[in-house]
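In: Compute the structure for the input listed below.
(2 chains)
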Amino acid sequence: MADPHQLFDDTSATAPGRGYAAQQSPPVGYPAQGSFLAEPMSSFAMTYGSTLASHGKEIVDKNIDRFIPVTKLKYYFAVDTVYVGKKLGLLLFPFMHQDWQVRYQQDTPVAPRFDINAPDLYIPVMAFITYILVAGLALGTQNRFSPDILGLQASSALAWLIVEVLAILLSLYLVTVNTDLTTIDLVAFSGYKYVGMIVGIVSGLLFGKTGYYLLLSWCCLSIFVFMIRTLRLKILSEAAAEGVLVRGAKNQLRMYLTMAIAALQPLFMYWLTYHLVR
Amino acid sequence: MSNFEQSESDFYQSNYATDIQDQGYNDSGAHENLYGSQKCQTQESPQPDAFVPLEMLSSQSYIGQILQPTYNPEFLSHSSYADSFDEEPPLLEELGINFDHIWQKTLTVLNPIKPADGSIMNETDLTGPMVFCLALGATLLLAGKVHFGYVYGISAVGCLGIHGLLNLMSIAGVSYGCVASVLGYCLLPMVVLSSCAVFFSLQGILGTLLAVIIIGWCSLSASKIFISALAMEGQQLLVAYPCALLYGLFALLTVF
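Out: Alright, predicted model coming up:
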């Protein structure tokens, strides 16, 4: 930044200078573009403003990495259409899939694009937004729609998601499980149930309450199986995951924990959708 | 800062005395009037005649004394704009509006099946999108709905969301202006839908079908341009889905 002494000189000189500039203008017209920028005061102000802006941007970029791990998030969005299609099919029909192990590549998990078992964030985020819009549509067909209701639905769903993830984190901590499940993984897994919810609401809109209950129970069952099979590999110890019955308090506790997490999903699915279908 | 020093010295060398200047500014309205009239002046040549009709400045000699010493070519040479009127770039070029590019981009949007050229999005051009947003608002107005605020709000939030998503999904990042520009251009079919809404109501099977087709058209062109500009393979439908959600919101505005 230039010396403040100059700044003081400029402001004090504009008082008589203003008259001068005003007197200048009649013959040459109001100095619109070029000469305005040529006045040293304004060019200094412009450079100061732009350095401020770039400095601010640097600060934001530096700090946003502390709160939102952008590179880690990018891993969860490295998906392609084939993966999304297969994953949606898996979420709605997980019974035939055999191998649930996530493939690794030198200690880092492979990107979701290449391994269907890897969790991703694209499906949960899109499913959440679609759920809000479909809820708005459902309320609209029952003439209960207003834009604030949409915001209400969105915030309540988000709040329940945060509560669920915190509860799972707390229970994982209490059971002292040695797992490589990160928070973002848990958010991804909790977000998969929105797919089933959307299917339920849409069938409720098209086929009435019977259709809603039928398809919702199917989706609840499939998400239950999906969660158990996925979390079993992550929470239980190696031996138990392979199916060998290992008796021991620790493993039993972990098994109960997995079942509790999986049972939480159908509960939330029903809780968040029953008031939308009449 | 040397320019200012020099112009300051020019100021002190000019001929007219400061007391005349004080006299001129003692009139209450004179200052604003003088300033206001200066704004209307063109830049190329001094026009002393324009000050004659001003009633505030009564004495002709006063006007003459303003004009004479101030036409100082030394001062003018420090300012970059008036090197010469002929050397100024044309207005449209200075504003960055290139009608040929705008037309090319519009054609790319109107034909969603033809593969797009990745380089057309190199310059961020927001004039076309602004025009299309205004056209959408105007056609909605013709149908009796004053929704300008909603249009701008939805486009701002939608641009922000898609910008974040594309930055996370692609290897090369995008700038916010590029996203806003592409989404704005692909709003053109929505303008077609809302102009249809002026003539017949869209709340029916035909209207819903038309809305779905238009949403598909908009999101396919937007995803096509994004894919070619960011070199993302195998992700066109994934990019098209959030765009379809965004344009679905616009269609909701238009239909209901």
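In: Tell me where the stretch 151-256 of chain B has helices.
Out: B:176-185, B:188-199, B:205-230, B:236-255 (DSSP state H, counting those that start in this stretch).
In: Looking at those helices, which is nearest to A:Leu233?
Out: Comparison of these against A:Leu233 by CB to CB identifies helix B:236-255 as nearest, at 26.8 Å. In short, each C-beta sits where N, CA and C put it, glycine included.
In: The closest one close to chain A?
Out: Yes: judged by CB under 8 Å from any CB of the partner chain, helix B:236-255 and chain A are in contact via B:236-238, B:241-242, B:245, B:248-249.
In: and which of the residues you listed is nearest to chain A?
Out: Distances from chain A to the residues of helix B:236-255 next to chain A, taken as CB to the nearest CB, are shortest for B:Leu237 (4.7 Å).
In: any idea how far the closest one is from A:Leu88?
Out: The gap separating B:Leu237 from A:Leu88 is 12 Å, by CB to CB, to the nearest Å.
In: With B:Phe132 instead?
Out: Applying CB to CB to B:Phe132 and A:Leu88 gives a distance of 34 Å.
In: likewise B:Val146?
Out: B:Val146 is 40 Å from A:Leu88, by CB to CB.
In: And the two? Which one has more around it.
Out: Taking neighbours as other CB atoms under 10 Å in any protein chain shown, B:Val146 and A:Leu88 compare with A:Leu88 leading, 15 against 9.
In: so who does the more buried one touch?
Out: Taking CB atoms under 8 Å, 6 or more residues apart in numbering or on different chains as the contact definition, A:Leu88 lies against A:123, A:195.
In: Quickly find the element holding it.
Out: If you go by DSSP states H and E, A:Leu88 is part of helix A:81-92.
In: downstream neighbour of that helix in the secondary structure list?
Out: On the C-terminal side of helix A:81-92, the closest following helix or strand by DSSP H and E is strand A:104-105.
In: Name the nearest residue to B:Cys186, sequence neighbours excluded.
Out: Counting by CB to CB, 6 or more residues apart in numbering or on different chains, B:Ala222 is the residue found nearest to B:Cys186 once chain neighbours are left out, at 4.0 Å.
In: Check A:Leu236 too.
Out: A:Arg254 (5.2 Å).
In: I'd assumed A:Thr179 was in contact with that neighbour.
Out: No: using CB atoms under 8 Å as the test, A:Arg254 is too far from A:Thr179 to be in contact (9.3 Å).
In: What score does residue 13 have for pLDDT?
Out: With no chain named, the answer covers chain A. For A:Ala13, the model assigns a pLDDT of 47.
In: looking at chain B here, not the other one
Out: Value for B:Gln13, per-residue pLDDT: 51.
In: Just the buried residues of the helix or strand containing B:Gly137, please?
Out: Per DSSP H and E: B:Gly137 is located in helix B:127-142. Using 16 or more other CB atoms under 10 Å in any protein chain shown as the test for burial, helix B:127-142 gives B:127-129, B:131-133, B:135-137, B:139-140.
In: Now do it and helix B:176-185, the angle between them.
Out: Counting by axes from the mean of the first three to the mean of the last three CA atoms, to 10 degrees, helix B:127-142 lies at 40 degrees to helix B:176-185.
In: and the angle for helix B:127-142 with helix B:236-255?
Out: Helix B:127-142 runs at 40 degrees relative to helix B:236-255, counting by the same axes, to 10 degrees.
In: ok, and what's touching helix B:127-142?
Out: By CB under 8 Å, 6+ apart, the list of residues contacting helix B:127-142 from outside reads B:96-97, B:102, B:105-106, B:146-148, B:151-152, B:155, B:180-181, B:183-185, B:187-188, B:190-191, B:194-195, B:197-198, B:250, B:253-254.
In: average pLDDT across it?
Out: The model assigns helix B:127-142 a mean pLDDT of 87.
In: got it, and stretch A:127-142?
Out: Averaging pLDDT along stretch A:127-142 yields 88.
In: how about that stretch: buried residues?
Out: Buried residues in stretch A:127-142 (16+ other CB under 10 Å): A:127-139.
In: burial measure for residue 143, as a count.
Out: Went with chain A since none was named. A:Asn143 has 6 nearby residues by other CB under 10 Å.
In: wait, chain B
Out: 16.
In: which residues touch A:Val110?
Out: Shown in contact with A:Val110 (CB under 8 Å, 6+ apart): A:102-104, A:118.
In: Sketch out the low-pLDDT regions of the stretch 101-250 of chain B for me.
Out: Applying pLDDT under 70 to the stretch 101-250 of chain B flags the ranges B:116-123.
In: what sits against A:Leu73?
Out: Contacts of A:Leu73 (CB under 8 Å, 6+ apart): A:121, A:184, B:168.
In: Highest neighbour count among those?
Out: A:Leu121 (20 neighbours).
In: Phi and psi next, for the closest residue to it other than its chain neighbours.
Out: Using CB to CB, 6+ apart and skipping residues adjacent in sequence, the residue nearest A:Leu121 is A:Tyr76, 3.8 Å away. The phi/psi pair for A:Tyr76 (degrees, to the nearest 10) reads phi -70, psi -10.
In: And for A:Tyr76, the neighbour number?
Out: What A:Tyr76 shows, counting by other CB under 10 Å, is a neighbour count of 24.
In: Helices along the stretch 51-200 of chain A, start to end?
Out: Using DSSP H, counting those that start in this stretch, helices in the stretch 51-200 of chain A cover A:70-76, A:81-92, A:122-141, A:147-174, A:183-191, A:193-235.
In: Dump the first one to PDB, keeping only the CA atoms.
Out: These are the backbone C-alpha positions of helix A:70-76, laid out as PDB (Å, rounded to 0.1, in the frame of the first residue of the first chain):
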ATOM      1  CA  VAL A  70     -12.300 -29.800  -0.600                       C
ATOM      2  CA  THR A  71      -9.900 -32.500  -1.900                       C
ATOM      3  CA  LYS A  72     -11.500 -35.100   0.200                       C
ATOM      4  CA  LEU A  73     -14.900 -34.100  -1.000                       C
ATOM      5  CA  LYS A  74     -13.700 -34.300  -4.600                       C
ATOM      6  CA  TYR A  75     -13.100 -38.100  -4.100                       C
ATOM      7  CA  TYR A  76     -16.800 -38.600  -3.200                       C
END
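In: about what we covered before: quick one: which of the contacts of A:Val110 is the most crowded by neighbours?
Out: Most surrounded of these: other CB under 10 Å gives A:Ala118, at 22 neighbours.
In: Read off the pLDDT value for it.
Out: pLDDT, A:Ala118: 88.
In: Just want to check the distance between it and A:Ala188.
Out: 9 Å.
In: Return the residues of the stretch 51-200 of chain A in contact with chain B.
Out: A:70, A:73-74, A:77-82, A:84, A:122, A:125-126, A:129-130, A:133, A:140.
In: Which members of these are classed as buried?
Out: By 16+ other CB under 10 Å, these give A:74, A:77-81, A:84, A:122, A:125-126, A:129-130, A:133 as buried.
In: Just the closest of those residues to A:Ile168, please.
Out: A:Val125 (18.7 Å).
In: Excluding chain neighbours, what is closest to that closest one?
Out: Nearest non-adjacent residue to A:Val125 (CB to CB, 6+ apart): A:Gly191, at 7.2 Å.
In: Wait, the one you found touches A:Met126, no?
Out: No: using CB under 8 Å as the test, A:Gly191 is too far from A:Met126 to be in contact (9.4 Å).
In: B:Ile162 is nearest to which of the helices of the stretch 51-200 of chain A?
Out: Between those, helix A:122-141 lies closest to B:Ile162; by CB to CB that is 11.5 Å.
In: Give me the residues contacting the closest one.
Out: A:76-77, A:79, A:84, A:87-88, A:91, A:145, A:149-150, A:153-154, A:157-158, A:161, A:187-188, A:190-192, A:194-195, A:197-198, A:201-202, A:204-205, A:276-277, B:165, B:169, B:238, B:241-242, B:245, B:248-249, B:256.
In: What subset of those is buried?
Out: The neighbour-count test (16+ other CB under 10 Å) marks A:76-77, A:79, A:84, A:87, A:91, A:150, A:153-154, A:157, A:161, A:187-188, A:190-192, A:194-195, A:197-198, A:201-202, A:204-205, A:276-277, B:165, B:169, B:238, B:241-242, B:245, B:248-249 as buried among the contacts of helix A:122-141.
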